[in-house]
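1. only the shape, not the letters, is given here:
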C-alpha cells in the first residue's frame with residue numbers, strides 16, 4: 001500500500017469545516033503554562049489538558065514578511081518530494097484534494113495569490129532513524145480560513161486504513177494562525193498529538209520545546225531570502 005492508495009470520505013471535509021472554530025478556541029480553554037523564550041526568538045509555553053497525558057506546545061514568532069508569504073511557507077511544510085533521494089528515507093508527506101476547487105485555492109495560496117477557504121488532506125510518513133523506534137504515519141485533514149489581516153489553519157487526524165510497518169500517530173489538534181501586524185507577520189501555532197508506539201508521555205512532554213523548530217525554521221528561511 002502506498003500513500004496514494006489511502007482514500008478518505010468527503011464527510012471528513014465537512015467535519016473539518018464544522019469543527020474549525022472549536023479547534024481554534026480549544027487552545028484558550030486549557031491550562032496555560034508560563035511563557036518562556038526558545039532559541040532567543042520564539043515565545044513558547046506548554047498547555048495541559050488534564051484529560052490527556054500528552055501535553056500541547058504553543059509557539060509564536062515575528063517574521064519580517066507579509067501574511068501571504070508566511071502562509072505560503074506554512075502550507076509547503078506539509079509536502080515533500082516523494083522522488084527525492086534525500087527526503088524520502090526520513091519523511092514523505094503527500095497532499096491530496098477533496099475537490100478541484102480545493103486544489104485551485106491551495107495552489108493560489110502557495111503562489112501568494114487571492115484564494116477562497118479550502119480543505120485538503122495529507123498522509124505523512126516518517127521513517128525511524130533507529131531500529132528500536134517504530135516508523136510512524138498520520139492521516140490528517142487540514143482546513144484553511146481567512147479573514148481581514150488574518151489566516152488560520154487547523155489540522156486533525158482522521159480514521160484511515162492502516163499503513164504497513166508503521167505505527168499510526170494521532171494529531172489531536174494542530175493549528176497555525178498568521179496575522180499581519182504592520183510590516184511584520186506574527187506566526188503562532190499549537191500542537192497536541194499522541195506520537196503512538198511505546199514513547200512514554202513523560203519523555204515526550206520533556207522535549208516539547210524542540211517542536212517549535214518548525215516555526216523557527218520558517219522564520220529563518222523567509223528572512224534569509226529577503
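-> Sure, I can see it. These numbers were taken from a predicted model, which means no experiment stands behind them.
2. when you work out contacts or count neighbours from here on, use the C-alpha atoms and nothing else.
-> Will do.
3. quick check: which element contains residue 214?
-> In this assignment (DSSP states H and E), residue 214 forms part of helix 213-225.
4. buried stuff in that helix?
-> 215-216, 218-219 (16 or more other CA atoms under 10 Å).
5. closest to residue 23 among these?
-> Set against residue 23, the nearest of the buried residues of helix 213-225 by CA to CA is residue 215 (19.5 Å).
6. what's the distance between the closest one and residue 202?
-> Using CA to CA, to the nearest Å, residue 215 is found at 24 Å from residue 202.
7. now residue 30
-> 19 Å.
8. coming back round to it: show residues contacting the helix holding residue 214.
-> Helix 213-225 is contacted by residues 41-42, 59-65, 70, 73-74, 187-189 when judged by CA atoms under 8 Å, 6 or more residues apart in numbering.
9. for it, give the mean pLDDT please.
-> Confidence over helix 213-225, taken as the mean pLDDT, stands at 96.
10. again, but for stretch 199-207
-> 89.
11. work out the gap between it and the centre of the chain.
-> 19 Å (CA atoms, centre = their mean, to the nearest Å).
12. just stretch 17-27 next, same as before
-> Distance, centroid of stretch 17-27 to centroid of chain: 15 Å (CA atoms, centre = their mean).
13. give the buried residues for that stretch.
-> For stretch 17-27, using 16+ other CA under 10 Å, the buried residues are 17, 20, 23-24, 27.
14. identify, from these, the entry nearest to residue 226.
-> Taking those together and measuring to residue 226 by CA to CA, the closest member is residue 24, at 30.8 Å.
15. distance-wise, check the closest one relative to residue 180.
-> From residue 24 to residue 180 the distance is 18 Å (CA to CA).
16. kindly report the same for residue 30.
-> In terms of CA to CA, residue 30 sits 26 Å off from residue 180.
17. between the two, which one's more packed in?
-> residue 180 (20 against 13; other CA atoms under 10 Å).
18. on that earlier part again, which one of the buried residues of helix 213-225 sits closest to residue 169?
-> Looking across the buried residues of helix 213-225 and measuring by CA to CA, the closest to residue 169 is residue 215, at 20.8 Å.
19. chain center to stretch 162-169: distance?
-> Using CA atoms, centre = their mean, the offset of stretch 162-169 from its chain centre is 19 Å.
20. helices - which of the contacts of helix 213-225 land there?
-> When these are checked against helices (DSSP state H), the matches are 70, 73-74.
21. just put those residues in CSV and tack on pLDDT.
-> Shown next, in CSV, are those (pLDDT from 0 to 100):
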residue, pLDDT
70, 98
73, 96
74, 97
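22. which of those lies closest to residue 114?
-> residue 70 (14.1 Å).
23. the closest one: what's it in contact with?
-> Per CA under 8 Å, 6+ apart, neighbours of residue 70: 63, 178, 185, 187, 218, 222.
24. ok, now residue 30?
-> Going by CA under 8 Å, 6+ apart, the list of residues near residue 30 reads 47-49.
25. and residue 190, by the same measure?
-> Counting by CA under 8 Å, 6+ apart, residue 190 has contacts 27, 56-59, 173-176.
26. bridging across strands, which residues link to it?
-> residue 58, residue 175 (DSSP bridges).
27. same thing with residue 146?
-> In beta-bridge terms (that is, DSSP bridges), residue 146 pairs with residue 151.
28. hmm, it is touching residue 177, no?
-> No. Residue 146 lies out of contact with residue 177 (CA atoms under 8 Å); the separation is 9.7 Å.
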